[in-house]
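**Student:** Build me a model from this:
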Amino acid sequence: MSRKPQILVIDSEPDFLREVREVSGNNFELIFAYNADEALETAKKNKPDVIILGYLKPQGTSFELHLKLRKNRVTTDIPILVVDVCLEEHSRKGWTREQGKRMKANDYISKPVAPHELGEIIKRLIAKNSSENMDISTYMERVLQQIKTIENSLSK
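**Tutor:** Numbering: from 1, shown residues only. Prediction:
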């Protein structure tokens, strides 16, 4: 039996965490982190299939965490879905949705999040990550086979 995809959910809002639990049903293994330090350590330790990065206090913490996740060699390739505040909050926080989209996130949505939309994005990120990993695995298998062929020809 294959393992369930693991999702790290980082957010400090209980309502959003509840929504993610409902959307995931029994399809994913969820890990929760409620602050930046806990999130970074959990991501490095578990290397989840996808990270959902929501709101953390104080303002700007989520953005800083995102940069740390991208700079860390263990977490740099993990797909990240940034879930930002509702559109009405964008002007208050001092940067635009377009600036947020330019972050090195794999996808970006604003609250409120429709459950079906969240579920579809998660599935798409998992599928994309799996296919990229499979491509790398296939490539490595071919390289190993070529090495074996060269070794065999040299030993003759």
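**Student:** Pull the number of nearby residues for Lys47.
**Tutor:** 13 (other C-beta atoms under 10 Å). Glycine gets a C-beta too; all of them are placed from N, C-alpha and C.
**Student:** I'd say it and Asp77 touch.
**Tutor:** No. Lys47 lies out of contact with Asp77 (C-beta atoms under 8 Å); the separation is 9.2 Å.
**Student:** shared neighbours of those two, which are they?
**Tutor:** By C-beta atoms under 8 Å, 6 or more residues apart in numbering, Lys47 and Asp77 have no common neighbours.
**Student:** Just list the residues touching Ile121, thanks.
**Tutor:** Contacts of Ile121 (C-beta under 8 Å, 6+ apart): 81, 107, 109.
**Student:** Just the pLDDT for it.
**Tutor:** Ile121 carries a pLDDT value of 90.
**Student:** and what of Arg124?
**Tutor:** Confidence score, pLDDT, at Arg124: 89.
**Student:** Let me know the secondary structure of it.
**Tutor:** helix (DSSP: H, G, I helix; E, B strand; the rest coil).
**Student:** With adjacent residues omitted, what lies nearest to it?
**Tutor:** Asp107 (7.7 Å; C-beta to C-beta, 6 or more residues apart in numbering).
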